[in-house]
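Engineer: mind looking at a prediction? Sequence and model below.
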Amino acid sequence: MDEPLVNTYWKLTRLGETPVVAVDNQREAHLVLHKEEQRLAGSTGCNRLMGGYRLDGQALRFERPATTMMACMEGMDTEQAFLETLEQVAGWEVDGQQLILTGAKGEPLAHFEAVHLY
């Protein structure tokens, strides 16, 4: 059974071909697409992530993703790559517990795994 795209905690596992590893004592990179007001929330692995999104069938666009401005000893490269990736997202696909965000040509940009918080 596929996890729903919206209102699911999606942990970032890979950006392109690069595995994403959580840094000790920092939140893992993740996102949640809240149905109310089509609001994006999450973490880059360093800073809190917020913004909006537009969902139309299999088309997905993120609008004005922004972060808090904390500096972290580690993980800033992942944060920058994550934000740049979000700006390129054009679509999505869920397969069971996996979410893949895709680009304009359907190429996989980022991989996520559903995490159940309770």
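Structural biologist: Looks like it arrived, so ask away.
Engineer: where are the low-confidence patches of this protein?
Structural biologist: Applying pLDDT under 70 to the chain flags residues 118.
Engineer: now do the helices in the protein.
Structural biologist: Secondary structure of the chain, counting by DSSP state H: helices at 76-88.
Engineer: quick one: contacts for residue 90?
Structural biologist: Residues in contact with residue 90 (Cβ atoms under 8 Å, 6 or more residues apart in numbering) are 59, 60, 61, 102, 103, 104. Where you see a C-beta, it was placed from the backbone N, CA and C, and this is true even at glycine.
Engineer: who's the first one bridged to?
Structural biologist: When bridges are called by DSSP bridges, residue 59 pairs up with residue 56, residue 91.
Engineer: what's the local residue count around it?
Structural biologist: Residue 59: 11 surrounding residues under other Cβ atoms under 10 Å.
Engineer: same deal with the fifth one?
Structural biologist: Other residues near residue 103 number 14, with proximity taken as other Cβ under 10 Å.
Engineer: ok, it touching residue 88?
Structural biologist: Yes - Residue 103 lies in contact with residue 88 (Cβ atoms under 8 Å); the separation is 5.3 Å.
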